[in-house]
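Colleague: Below are the sequence and a predicted model for it; my questions follow.
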Amino acid sequence: MDLKQLEQSINDRDLTTRLTSSSEIGLLIRQGNLERTLLEEVNNHVHTTYSFSPYEPSAAAYAAWKAGLGIVGSIDHDSIGAAEEMLEAAQNIGIASTVGFELRTSFLDTPLGDRKLNNPDSIGIAYMCVHGVPKQHIPTVVEFLKPVQAIRNLRNKAQVEALQALVGKYGFDLDFERDVLPLSKADKGGSVTERHILYAMANQSVSMFGKGEKLVHFLEKDLGLALAGKVQEWLLDKDNPHYAYDLLGVYKSTFLPRFFIQPSKEECLDVREVVSFANSIGAIAAYAYLGDVAESVTGDKKAEKFEDEFLEELLDLLVDIGFPAVTYMPPRNTKEQMLRLQKLARERGLMEISGVDINSSRQSMNCPELLEPTARHLVDAAWALVAHEKLASCNETLGLFHSGNPLSGLSLEKKLAHYAALGRKMDTYDPYSLVEQF
């Protein structure tokens, strides 16, 4: 196959086809027939089709390689289904990789249970990430998440029914099993999210009205939606390759609050339970800091208060619970927010991890904000995370936070520097050989 065909087949629905394509692309790279400009940028938070994304895991690894990233990390909501493919495809292509998962957790039985944390939709419920899962514990995570996925799908089905009750009068006929589940990888360990539901609605909209003027008329006149100039322009363009994602975005801002059902305590595991589990398998649990939004840096969030008024209290609680890290997204925060968070994290011995969530075809894999002076240390942290994961996959005592780590007497700063240097020296085509250099 030529390169164009390989770039299509690496995002095929078939796993074997994707991995074969990643091997063939990797061969082109090693032979010098396919080149890129390598940047210092990294991204530890790329969503795949195992939650919601245009990217199969192999395609995500290749897209990150093409974008010049040094590291790609797969993170999916309530799923680690992408991990094994991500690790194999990244190794084939020759890009450093890391894997983990993201989920909602309950702070309801903590002193901050009555606060809005980092979740715009729920009080006392917070998103957190579990990074750097050692390879041998991926099956352990799969089993850990299965009950969460099952409970979430009961809620998903009820949400589809609630949405259909809102829009059925306009001609929609949305069914969870028929229209939503096939968009997911639920049968392969993936999760189903609200974005899948709205993507199904976007698909039906196109089927009903086609792309372009007729659909825009329906949105504005029948649904009474005010489309921003740029969005209207996108939806009038029948050749827009991001059409369904752009339409999904319109529906998300309008309909999600109207059909969203609060997750139960059974779906949102107690934060202590999740952190304890992550620590037990040598992964790195990280609270995902959002921060107050005054004027959204990225333009996609309304003005709203989150953690900033009680940030010190929150970080103290995280330490008490056993979190080893916090994670945040430099494009989403102001310089002042980041500097404050960084200072407080250092004072408490918390590792800082970065990542910019990618779940739309319109998003760029790149994050030049990481190269700013206030964020550059996060690149080193990413390389330390990669080294941690590869080393702990070979010898669990070499995990960054393992009590038996030979470097446990060093400060976190010195340990991170040591692991970052190891990560940068890693052979990306043979990443687990890194254990021989420790």
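Modeller: That came through fine. Numbering: from 1, shown residues only.
Colleague: use CA for all of it now, contacts and neighbours both
Modeller: Noted.
Colleague: quick one, longest strand in this protein?
Modeller: strand 96-106 (DSSP state E).
Colleague: Could you list the paired strands of the helix or strand just after it along with their orientation?
Modeller: Next along the chain after strand 96-106, taking DSSP states H and E as the criterion, comes strand 125-131. Sheet partners assigned to strand 125-131 using DSSP bridges are listed as strand 96-106 (antiparallel), strand 284-288 (antiparallel).
Colleague: List the buried residues of stretch 161-177.
Modeller: 161-164, 172, 174-176 (16 or more other C-alpha atoms under 10 Å).
Colleague: now the strands paired with strand 125-131 as JSON lines including mean neighbour count, mean pLDDT and distance to Ile138?
Modeller: Formatted as JSON lines, the strands paired with strand 125-131 follow (neighbours: other C-alpha atoms under 10 Å; pLDDT from 0 to 100; distance: least, C-alpha to C-alpha, whole Å):
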{"stretch": "strand 96-106", "mean neighbour count": "26", "mean pLDDT": "98", "distance to Ile138": "9"}
{"stretch": "strand 284-288", "mean neighbour count": "26", "mean pLDDT": "98", "distance to Ile138": "14"}
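Colleague: Reformat those strands as CSV; add distance to Ser361.
Modeller: CSV is the format used below for the strands paired with strand 125-131 (distance: least, C-alpha to C-alpha, whole Å):
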stretch, distance to Ser361
strand 96-106, 20
strand 284-288, 23
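Colleague: Of all the ones you listed, which one comes closest to Pro120?
Modeller: Evaluated over the strands paired with strand 125-131, closeness to Pro120 peaks at strand 96-106, with 11.8 Å, by C-alpha to C-alpha.
Colleague: quick check: angle from the top helix by length along the chain to strand 96-106?
Modeller: In the chain, with assignment by DSSP state H, the single longest helix is helix 138-167. Angle between the axes of helix 138-167 and strand 96-106 is 60 degrees (criterion: axes from the mean of the first three to the mean of the last three C-alpha atoms, to 10 degrees).
Colleague: Show me which positions of helix 138-167 end up buried.
Modeller: By neighbour count on 16+ other C-alpha under 10 Å, the buried set for helix 138-167 is 138, 141-142, 145-146, 148-149, 152-153, 155-164.
Colleague: residue contacts, Ser23?
Modeller: By C-alpha atoms under 8 Å, 6 or more residues apart in numbering, the residues touching Ser23 are 89, 92-93.
Colleague: Please write out the alpha-carbon positions of the longest strand of the chain in PDB.
Modeller: Extracted C-alpha coordinates of strand 96-106, given in PDB (Å, rounded to 0.1, in the frame of the first residue of the first chain):
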ATOM      1  CA  ALA A  96       7.200   7.000  23.300                       C
ATOM      2  CA  SER A  97       3.900   6.100  24.900                       C
ATOM      3  CA  THR A  98       2.000   5.900  28.100                       C
ATOM      4  CA  VAL A  99      -1.400   4.600  29.000                       C
ATOM      5  CA  GLY A 100      -4.100   5.200  31.600                       C
ATOM      6  CA  PHE A 101      -7.700   6.000  32.200                       C
ATOM      7  CA  GLU A 102     -10.000   8.700  33.400                       C
ATOM      8  CA  LEU A 103     -13.200   8.500  35.500                       C
ATOM      9  CA  ARG A 104     -15.600  10.400  37.700                       C
ATOM     10  CA  THR A 105     -15.100   9.800  41.400                       C
ATOM     11  CA  SER A 106     -17.100  10.700  44.500                       C
END
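Colleague: rewinding a little: and of the buried residues of stretch 161-177, the nearest to Trp234?
Modeller: Phe172 (22.4 Å).
Colleague: Against His242, how distant is that closest one?
Modeller: Distance of Phe172 to His242, computed by C-alpha to C-alpha, to the nearest Å: 22 Å.
Colleague: repeat for Thr334
Modeller: Distance from Thr334 to His242, by C-alpha to C-alpha: 29 Å.
Colleague: quick one on the thing from earlier: next secondary structure after the longest helix of the chain?
Modeller: Proceeding N to C from helix 138-167, the next assigned helix or strand is helix 194-209, under DSSP H and E.
Colleague: Distance from the chain centre to that following helix, please.
Modeller: 22 Å (C-alpha atoms, centre = their mean, to the nearest Å).
Colleague: what about the following helix or strand past it, distance to the chain center?
Modeller: Per DSSP H and E, helix 194-209 leads on to helix 213-217 as the next helix or strand towards the C-terminus. Relative to the centre of its chain, helix 213-217 is centred 33 Å away, using C-alpha atoms, centre = their mean.
Colleague: Give me the residues contacting helix 213-217.
Modeller: In contact with helix 213-217 (C-alpha under 8 Å, 6+ apart) are residues 205-206, 209, 232, 235-236.
Colleague: if we go to 10 Å?
Modeller: With contact meaning C-alpha atoms under 10 Å, 6 or more residues apart in numbering, helix 213-217 is reached by 205-210, 219, 221-225, 227, 231-233, 235-238, 247.
Colleague: So among these, which ones count as buried?
Modeller: Among the contacts of helix 213-217, those classed as buried by neighbour count (16+ other C-alpha under 10 Å) are 205-206, 219, 231-232, 235-236, 247.
Colleague: Can I get the buried residues of stretch 161-177 in CSV including pLDDT and distance to Pro373?
Modeller: As requested, the buried residues of stretch 161-177 are exported to CSV (pLDDT from 0 to 100; distance: C-alpha to C-alpha, whole Å):
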residue, pLDDT, distance to Pro373
Glu161, 98, 48
Ala162, 98, 47
Leu163, 98, 45
Gln164, 98, 49
Phe172, 97, 50
Leu174, 98, 48
Asp175, 98, 49
Phe176, 98, 47
